[in-house]
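>>> My questions are about this predicted structure, shown below with the sequence.
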Amino acid sequence: MQDLQSNRAIWLKGWLFLLIGLMSAGLLLIDNWSWRSALLLVLCVWGFGRAYYFAFYVIERWVDPSYKFSGLGHFFTYAWQRRRK
């Protein structure tokens, strides 16, 4: 698969991801409103965001600068192989 080159397409993709997240969170909260559900949803999004940051930025920047990941599947393969060594 070819890398996305168009700045407009990259921005559109980012806005669409945000829209998907906001709409799905809104629908979840409409379906099951409580402060507890809202807090758990916020913590879930924050936790997965931090895990994604760790998987790509932290590993590539500080743990193993020579290794580049192309996706989460690639990261899990790397982590599994590293664990087995």
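Great, that's in hand.
>>> domains for this structure, by residue range?
Domain assignment of the chain by automatic domain parsing yields the ranges 1-33, 42-85.
>>> Would you map the strands across the chain?
Using DSSP state E, no strands are found in the chain.
>>> which residue is nearest the middle of it?
Y52 (4.4 Å; CA atoms, centre = their mean).
>>> ok, back up a step: right, so the domains of the chain: which one is the most enclosed?
domain 42-85 (a mean of 11; mean count of other CB atoms under 10 Å). Just so you know, the C-beta spots here come from the backbone N, C-alpha and C atoms, and that holds for glycine as well.
>>> Averaged pLDDT, it. What do you get?
Averaging pLDDT along domain 42-85 gives 85.
>>> so how far is that domain off the chain centroid?
Computed by CA atoms, centre = their mean, to the nearest Å, the chain-centroid distance of domain 42-85 equals 10 Å.
>>> can you tell me which residues contact R36?
For R36, the contact set (CB atoms under 8 Å, 6 or more residues apart in numbering) is empty.
>>> Tell me the spacing between it and S70.
37 Å (CB to CB, to the nearest Å).
>>> for M23, same thing?
28 Å.
>>> and the longest helix belonging to the chain, what does it pack onto?
Ranked by residue count and defined by DSSP state H, the top helix of the chain is helix 7-31. The elements that helix 7-31 packs onto, with contact taken as 3 or more CB pairs under 8 Å, 6 or more residues apart in numbering; DSSP states H and E, are helix 35-53.
>>> could you check the angle helix 7-31 makes with the helix it packs on?
Helix 35-53 and helix 7-31 are oriented at 150 degrees to each other (axes from the mean of the first three to the mean of the last three CA atoms, to 10 degrees).
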